[in-house]
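1. return atomic coordinates for the entry below.
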Amino acid sequence: MAPTAPTPSDAPTGGSGSVHPAHLTRPPLGLRERKKLRTRMAIRRATYQLIGEQGYEATTVEQIAEAAEVSPSTVFRYFPAKEDIVISDELDPALEAALRARPADEDPLDSVRQVITQGLTAALRADRAAVVQRTRLMVEVPAIRARMTETMTTTSRLLTNALADRAGRPRHDLEVQVFTAAVLGALREVTLYWAGRDHQDDLIELVDRALRMLRDGIRL
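-> Next up, the predicted model:
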């Protein structure tokens, strides 16, 4: 979904896509999950460092594996494609849980806005440089941008399920699916707009502006 930043060792981490919230409340991770998370984070840190030094295209999975002190097969086990290292994260379940935890009588768009803006605020506070680097790559590398669009399907399904359950509607309800698609589409465009303008604007204000446009009706 949205830009996210690497987080401390046992916290849920993002790298979204799409505009994705970070630092959402989740149950404590077990030892195995923490080890997996540390490996994923090591791979991401190595990737960002190498890309910063030599560019995206020149950075190979073999180089990433060596820098992260893992095997290339381990990199591919965690990230099926190189683009996934930049855009994937573990936050979709946390996003769904946070959305379900919002007051039942709250307007769905307000619930989404609260979850997204809280997560983005935390991500920017934790590591703005990583968020900037990630979103810059989304603009500069067509393969990353295309992969970002593909991976939004998972986020869309989880959000659709949460919103449908809250509203007492079937999960295949057309209106719910259109609502979710509109929100995620708006967040994608906000991400690209923010990065395309060299991250000069206030990202939270841009998100609010885009979601207000959905709430008030799209008029030019």
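2. what about Glu69, how many neighbours?
-> When neighbours are counted by other C-beta atoms under 10 Å, Glu69 registers 11. C-beta: built from backbone N, CA, C; applies to glycine.
3. pretty sure it sits against Ala42.
-> Yes - here Glu69 lies in contact with Ala42, judged by C-beta atoms under 8 Å, at a distance of 7.1 Å.
4. so Arg171: helix, strand or coil?
-> coil (DSSP: H, G, I helix; E, B strand; the rest coil).
5. please name the residues that touch the closest residue in space to it that isn't next to it in sequence.
-> Sequence neighbours aside, Ala164 is the residue nearest to Arg171 in space, at 4.5 Å (criterion: C-beta to C-beta, 6 or more residues apart in numbering). By C-beta atoms under 8 Å, 6 or more residues apart in numbering, Ala164 lies in contact with Pro170, Arg171, Asp173, Val176.
6. what about the last one, distance to Val183?
-> By that I understand Val176. From Val176 across to Val183, the span is 11 Å (C-beta to C-beta, to the nearest Å).
7. and the third one, by the same measure?
-> For Asp173, the distance to Val183 equals 15 Å [C-beta to C-beta].
8. who has more neighbours out of those two?
-> Val183 (24 against 15).
9. so how far is the helix or strand harbouring that one off the chain centroid?
-> Using DSSP states H and E, Val183 falls within helix 174-196. From the chain centre to the centre of helix 174-196 is a distance of 12 Å (C-alpha atoms, centre = their mean, to the nearest Å).
10. same thing with stretch 102-114?
-> Relative to its chain's centre, stretch 102-114 lies at 19 Å (C-alpha atoms, centre = their mean).
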